[in-house]
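Student: how does the following fold in three dimensions:
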Amino acid sequence: MAHGSFPILFITATRIGDAVLSSGLIKRLLDEVSNATFTIVAGKAAAPLFAEVPNLERLIVMEKLKNGGHWFNLWREVRQRRWGLVVDLRGSAISQFLRRERRAVFKRSSGEPVHKVIEAARLLKIEGEPPAPYIFTSPATEAYADELTAGKGPILAMAPAANWIGKTWPVERFAQVAIQLFDGPLAGGRLMLVGGPDDMRAISALRSVIARERTIDLAGKVELLATYACLKRARLFIGNDSGLMHMAAAAGTPTLGLFGPSDDRLYAPWGQNTRVVRGIRTLDEIREVDPTLSQALCHMMDLPVDWVTAAARDLLAQTNKT
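Tutor: Now for the predicted structure:
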């Protein structure tokens, strides 16, 4: 271990949402360990979220290989160092084969399910005061976000895609909600479209909701950290249960998450200015139709437009984000 430093190996999730929900641990470690330095390991999708973490020595992108070969490759890359702490949110055995002073490894609990933020906090035994998700951005990234969102009028951010059709509310209904909000509490506002390169088809139906000059189209065009910084400037976010929903909540933006075949006890957007709206059916009722939650069925059809619009209006009324 280098003199005066406390190197931390932080192994986080593959998916963006899970990585965001555990990101507050990095902020807590930085606040409490003044000489901490980080090597962060993440999946390809989530890795860009951590590019601007202070005291970041290395960001390792880990892509899954057959027979667990990705873990062997990671071990070869980090085995030479003596670590002050290994935090492993993937629950692997790698820390047993590394030189380290301490380790904190995820273990699946058999007790009552808890939110993923609390679950992550248990690794450091701080579940009584779980750190909220926190993503670091540089002044340059913030300045770029200012350029992308320059203009007048409140911003409604929407993310109509998800990683599975079962969690995807019909995009036409997103459009109806947007129209109602722009005719009401967000009059004179702008529409921000967010998503990845694979989400373009889902987003296309929203491009005609409002005039082009009042649309901020970031989908598939802006990197993850810049998207996060832009979300900070939104008045309201509406989206399916996805990584972008968790990014919006971490940004402090009033966030309305649309849920169906997801357990909001575990994955609700985290924060005071967040809400969840579900359809008529409970998760258990959805599981009766799709026990493994894997069928190519949209389980969000029973969520009416009026319910989402009402929840959005209520959240706008209760928040004062400018």
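Student: could you list the domains of this structure?
Tutor: Per the record, the chain has its domains at 6-124, 141-318, by automatic domain parsing.
Student: closest to residue 130 out of these?
Tutor: Evaluated over the domains of the chain, closeness to residue 130 peaks at domain 6-124, with 3.7 Å, by Cβ to Cβ. The C-beta positions use only the backbone N, C-alpha and C, and glycine is treated the same way.
Student: now do the closest one, average pLDDT.
Tutor: In this model, domain 6-124 has a mean pLDDT of 95.
Student: next, the distance between the ends of it.
Tutor: When the termini of domain 6-124 are compared using Cα to Cα, to the nearest Å, they are 16 Å apart.
Student: what's the spacing between residue 261 and residue 181?
Tutor: Distance, residue 261 to residue 181, using Cβ to Cβ, to the nearest Å: 26 Å.
Student: could you do residue 278 as well?
Tutor: Counting by Cβ to Cβ, the separation of residue 278 from residue 181 is 20 Å.
Student: so where is the stretch 151-300 of the chain shaky, pLDDT-wise?
Tutor: When the per-residue scores of the stretch 151-300 of the chain are filtered using pLDDT under 70, no range remains.
Student: quick one, strands of it?
Tutor: Counting by DSSP state E, counting those that start in this stretch, the stretch 151-300 of the chain has strands at residues 155-159, 190-193, 215-217, 236-240, 255-259, 274-278.
Student: mind listing what the nearest residue to residue 149 once chain neighbours are set aside touches?
Tutor: Once flanking residues are discounted, residue 149 sits nearest to residue 233: 4.6 Å by Cβ to Cβ, 6 or more residues apart in numbering. Contact analysis of residue 233 by Cβ atoms under 8 Å, 6 or more residues apart in numbering lists 145-146, 149, 155.
Student: residue contacts, the spatially closest residue to residue 79 that is not a sequence neighbour?
Tutor: Once flanking residues are discounted, residue 79 sits nearest to residue 98: 6.1 Å by Cβ to Cβ, 6+ apart. Residue 98 makes contacts with 9, 75, 78-79, 83, 86, as judged by Cβ under 8 Å, 6+ apart.
Student: looking at the strands of the stretch 151-300 of the chain, which is closest to residue 268?
Tutor: Nearest to residue 268, of the strands of the stretch 151-300 of the chain and by Cβ to Cβ, is strand 274-278 at 5.0 Å.
Student: which helices and strands does that closest one pack with?
Tutor: Packing partners of strand 274-278 (3 or more Cβ pairs under 8 Å, 6 or more residues apart in numbering; DSSP states H and E): strand 255-259, helix 305-318.
Student: all set now, cheers.
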